[in-house]
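S.K.: fold the following for me, if possible:
(chains A and B)
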2 protein chains.
Amino acid sequence: MSTDDDINYGEGDARQRLLDLAEQFYEQFEDGDVPRLQVPTRTKTNIEYDEDSDVWVYGDRTSTRSAKTVSGAQKLLKAVYTIDFLAQQLGEDRSSTLRELYYLSESWDLDEAQFNSQDESNQLIEDLEIVSGVTREDFHMRPEESGATLMGPLLIREQTRRGEREIHCQEDVGEGGYQIPNNPDQIEFLENDAEFVLAVETGGMRDRLVENGFDEEHDALIVHLKGQPARATRRITKRLHDELDLPVTVFTDGDPWSYRIYGSVAYGSIKSAHLSEYLATPQAQFVGVQPEDIVEYDLPTDPLSDSDINALESELEDPRFQTDYWEEQIELQLDIEKKSEQQALASHGLDFVTETYLPERLEAMDVL
Amino acid sequence: MSTDDDINYGEGDARQRLLDLAEQFYEQFEDGDVPRLQVPTRTKTNIEYDEDSDVWVYGDRTSTRSAKTVSGAQKLLKAVYTIDFLAQQLGEDRSSTLRELYYLSESWDLDEAQFNSQDESNQLIEDLEIVSGVTREDFHMRPEESGATLMGPLLIREQTRRGEREIHCQEDVGEGGYQIPNNPDQIEFLENDAEFVLAVETGGMRDRLVENGFDEEHDALIVHLKGQPARATRRITKRLHDELDLPVTVFTDGDPWSYRIYGSVAYGSIKSAHLSEYLATPQAQFVGVQPEDIVEYDLPTDPLSDSDINALESELEDPRFQTDYWEEQIELQLDIEKKSEQQALASHGLDFVTETYLPERLEAMDVL
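M.R.: The predicted model follows:
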């Protein structure tokens, strides 16, 4: 993994970092201090867009969970039980889901340590991610949502519980492609013949590209985003960019919700600002469907709804979209009051997207 | 494929059957008749539960689309254009999605043949399925939703556009499993060491079973339903039962919506009554979570909402659930007013589901 800062995302020392946290509490006790944990304040006002790295980061404000109050003491108690569970899980090379952790707390011997809601346990895990500098995946916490699929000229090796598996993502998979595991850091890239990554929002379009052999003809790695992408999908996309030096392009429907999908691949989200360096690919480029394409190719459209218009207007205020390109496109869309889906390109025939639209767009973007 | 009636679900003659339909119109013209198409009436009152086959089937009432009226003539015109498109698609061994068909109609030379909404084109495809006795998959119409994944001791051969792929669903796949293609009839079962199928509702539980090696220990084929299962998922489940003689068991959350998931695997749905023989597995057994389990294992619960209660009450009226077993379970649930998720079993530890719960339930069901 490529990281060039003081945050270590390898799982090697995840267990040690958790135990260090617990030890910190002991030391505070020993020194006669009230045990406490300091985390960045995670409200909208303490999150800023970092112009240099092009991603969201936390500001300087911090909050303290201190055992001075009963509720603060309970939070630390829950943290200690959770650290104990995670350290044991890592020691046994096992894993669990966020939901399992919530339910599992019912088996803990101290009622006060049990979680009252899954929001509470989810938030604690995020706190631990931030404080320890280790990602949830390296705690072996699995997501509920499954990752996406991958199709293209890439040979990978996946470390599974049942041994290593070498899989070529075109030759050794069916038409459904290679299913990305929950923790894509278990994957090693062995041989790459791909020229770029094309991340696609919808299943219908992903299947069209595979059927038309777009990955073969242009040496593309087709990643299926499945709508708003899971962490695993964003992580593998970032790794493909950073480690294989592949340009990343994102192909979605032409509406404000899809621009947010692009935004979450490229810039990360406010909710997971602490993970931007792990998940976001600021170099990712938007292919379309652009409002400009709706006009140029005379695509079938639907009218913008009120919530579409609101979403577009709030994107105009969003620092991630404050570029000439996005302002032009969004204002054009507000002007024509229309949106189009990826599959609307089929109105010019089933091959239009692979023979005309994508080659033209990708050439204009200097990717092809 | 095993079918024992006059409906042929092979794709070999799908094209011919469509052309036969078109020819029928010509003959009607030649005989001086007004062209027409007769389809079973697809309203709730013309659908009945067939006690013998345990699935939904159409009753005797039919509706006629006749060119006597302008709107009827337009329907037939659209049918002819669609048949022409499908015949060409099959001739070229290509495929498309329902949404692409809708958009593609904009490229047809006659405005009157174009679809006004996707509902209209979807309904026409269903009509053609019923009248021709050929499934949408055999017209090469792909679904939008992707199929599920499969993990277990089974060697398959998938016929892809890029040649044949032989894949063992444990040894040749990563932890994500084998991704079922959109048309699972492209799959041939080569070697099977599985004893039964365990179809699982949630991704979190599917991953738990795979991590704990449940498929290896018990020779289970784990199918991930991903909530309400796609057609491809129900189809492969049926084929595993019919062709490999495997018992099929369904493991879901313990709430009325999940019982419907079981119902759609086992008995089909009213909406797709014409496909029951292709998609439904009436021999599928429900594993749980049963309301009885909530009590017996003292599982963490949520209270039933009003819509949960309504759904349970409507299930009591549903012929598919009119067995002593289901009446007892549903009445119990209405009585305790609680529901539990699959992952609530983790309150007894991460191994409880694979070491205790499933072995006990599957033994009680005579599957293990």
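S.K.: C-alpha from now on. contacts and neighbour counts both.
M.R.: Noted.
S.K.: which residues touch the residue in the stretch 101-250 of chain A positioned nearest to chain B?
M.R.: Residue of the stretch 101-250 of chain A nearest chain B, by CA to the nearest CA: A:L104 (4.3 Å). Contacts for A:L104 were tallied using CA atoms under 8 Å, 6 or more residues apart in numbering or on different chains; they are B:346-350.
S.K.: so, low pLDDT: which residues of chain A?
M.R.: Residues of chain A meeting the criterion pLDDT under 70: A:1-12, A:145-146.
S.K.: ok, and the most crowded of the contacts of A:L104?
M.R.: Counting neighbours by other CA atoms under 10 Å in any protein chain shown, B:A346 leads those with 26 neighbours.
S.K.: now that residue, nearest residue through space, not along the chain?
M.R.: The shortest distance from B:A346 to any non-neighbouring residue, by CA to CA, 6 or more residues apart in numbering or on different chains, is to A:L104 (5.3 Å).
S.K.: can you tell me the element that neighbour falls in?
M.R.: Counting by DSSP states H and E, the element that carries A:L104 is helix A:98-104.
S.K.: alpha carbons of that helix, as CSV, please.
M.R.: Below are the C-alpha coordinates for helix A:98-104, written out as CSV (Å, rounded to 0.1, in the frame of the first residue of the first chain):
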residue,chain,number,x,y,z
LEU,A,98,-20.7,-3.8,12.6
ARG,A,99,-24.1,-5.3,13.2
GLU,A,100,-22.6,-8.4,14.8
LEU,A,101,-20.5,-6.2,17.1
TYR,A,102,-23.7,-4.5,18.3
TYR,A,103,-25.5,-7.8,19.0
LEU,A,104,-22.4,-9.4,20.4
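S.K.: how about the residue of the stretch 201-350 of chain A found nearest chain B, secondary structure?
M.R.: Among the residues of the stretch 201-350 of chain A, A:S347 lies nearest to chain B; the distance is 4.3 Å by CA to the nearest CA. Of the three states, A:S347 takes helix according to DSSP: H, G, I helix; E, B strand; the rest coil.
S.K.: try A:E48
M.R.: Classified using three-state DSSP, A:E48 is strand.
S.K.: if we can go back for a sec, just the contacts of A:L104 now: which is nearest chain A?
M.R.: Nearest to chain A among the contacts of A:L104: B:S347, at 4.3 Å, using CA to the nearest CA.
S.K.: give the contact list for the closest one.
M.R.: B:S347 sits in contact with A:100, A:103-107, B:299-300, where contact means CA under 8 Å, 6+ apart.
S.K.: top of these by neighbour count?
M.R.: A:Y103 (29 neighbours).
S.K.: relative to B:E106, how far out is the closest residue to A:S66 other than its chain neighbours?
M.R.: Closest residue in space to A:S66, ignoring its immediate chain neighbours: A:R36 at 4.2 Å, by CA to CA, 6+ apart. Between A:R36 and B:E106 the distance is 65 Å, computed by CA to CA, to the nearest Å.
S.K.: the residue of the stretch 201-350 of chain A closest to chain B and B:Q88, how far apart?
M.R.: Counting by CA to CA, the gap from A:S347 to B:Q88 is 17 Å.
S.K.: same check on A:H224?
M.R.: For A:H224, the distance to B:Q88 equals 28 Å [CA to CA].
S.K.: so which of these two has more stuff around it?
M.R.: More crowded of A:H224 and B:Q88, by other CA under 10 Å: A:H224, with 25 against 13.
S.K.: would you confirm that A:Q74 contacts A:Q114?
M.R.: No - with contact defined as CA atoms under 8 Å, A:Q74 does not reach A:Q114; the gap is 9.5 Å.
S.K.: between the two, which has more neighbouring residues?
M.R.: The residue with more neighbours, out of A:Q74 and A:Q114, is A:Q114; 22 against 17, by other CA under 10 Å.
S.K.: next one: phi and psi at that one?
M.R.: Main-chain torsions, A:Q114, degrees, to the nearest 10: phi -70, psi 150.
S.K.: show me what contacts the residue lying closest to it once chain neighbours are set aside?
M.R.: Leaving aside its chain neighbours, A:Q114 sits nearest to A:S105 (4.9 Å; criterion: CA to CA, 6+ apart). Contacts for A:S105 (CA under 8 Å, 6+ apart) come out as A:113-115, B:347.
S.K.: over to A:R99?
M.R.: Listed by CA under 8 Å, 6+ apart, the contact partners of A:R99 are A:118, A:144, B:343.
S.K.: which of those residues are buried?
M.R.: The neighbour count (16 or more other CA atoms under 10 Å in any protein chain shown) marks A:144, B:343 as buried among these.
S.K.: need the contacts of A:R99 in JSON lines with distance to A:T135 and secondary structure, can you?
M.R.: Formatted as JSON lines, the contacts of A:R99 follow (distance: CA to CA, whole Å; DSSP: H, G, I helix; E, B strand; the rest coil):
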{"residue": "A:Q118", "distance to A:T135": "19", "secondary structure": "helix"}
{"residue": "A:E144", "distance to A:T135": "16", "secondary structure": "coil"}
{"residue": "B:Q343", "distance to A:T135": "23", "secondary structure": "helix"}
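S.K.: let me know the closest of the contacts of A:R99 to B:I125.
M.R.: B:I125 lies nearest to A:E144 out of those, by CA to CA, at 34.5 Å.
S.K.: what's the spacing between that closest one and A:A230?
M.R.: Applying CA to CA, the value for A:E144 to A:A230 is 9 Å.
S.K.: return the residues of the stretch 101-250 of chain A in contact with chain B.
M.R.: With CA under 8 Å from any CA of the partner chain as the criterion, the stretch 101-250 of chain A comes near chain B at residues A:101, A:103-107, A:142-146, A:158, A:160-161, A:165, A:167, A:171-182, A:202-204, A:208, A:211.
S.K.: list the ones among those residues that fall in strands.
M.R.: In strands, defined here by DSSP state E, the members of these are A:142, A:158, A:160, A:165, A:167, A:178-179.
S.K.: one step back: adding distance to B:P256, write the contacts of A:S105 out as TSV.
M.R.: Shown next, in TSV, are the contacts of A:S105 (distance: CA to CA, whole Å):
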residue	distance to B:P256
A:A113	32
A:Q114	28
A:F115	26
B:S347	22
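S.K.: which of those residues lies closest to B:E277?
M.R.: Of all the contacts of A:S105, B:E277 sits closest to B:S347, with 39.7 Å by CA to CA.
S.K.: which of the residues of the stretch 101-250 of chain A next to chain B are buried? Put it as a PyMOL command.
M.R.: Selection of buried members from these for PyMOL, criterion 16+ other CA under 10 Å:
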select buried, chain A and resi 101+103+104+105+106+142+143+144+146+158+160+165+167+171+172+173+174+175+176+177+178+179+180+181+182+202+203+204+208+211
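S.K.: sorry, back to before: save the contacts of A:L104 as CSV, and put in distance to B:I294 too.
M.R.: Output for these, formatted as CSV (distance: CA to CA, whole Å):
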residue, distance to B:I294
B:A346, 13
B:S347, 12
B:H348, 12
B:G349, 16
B:L350, 17
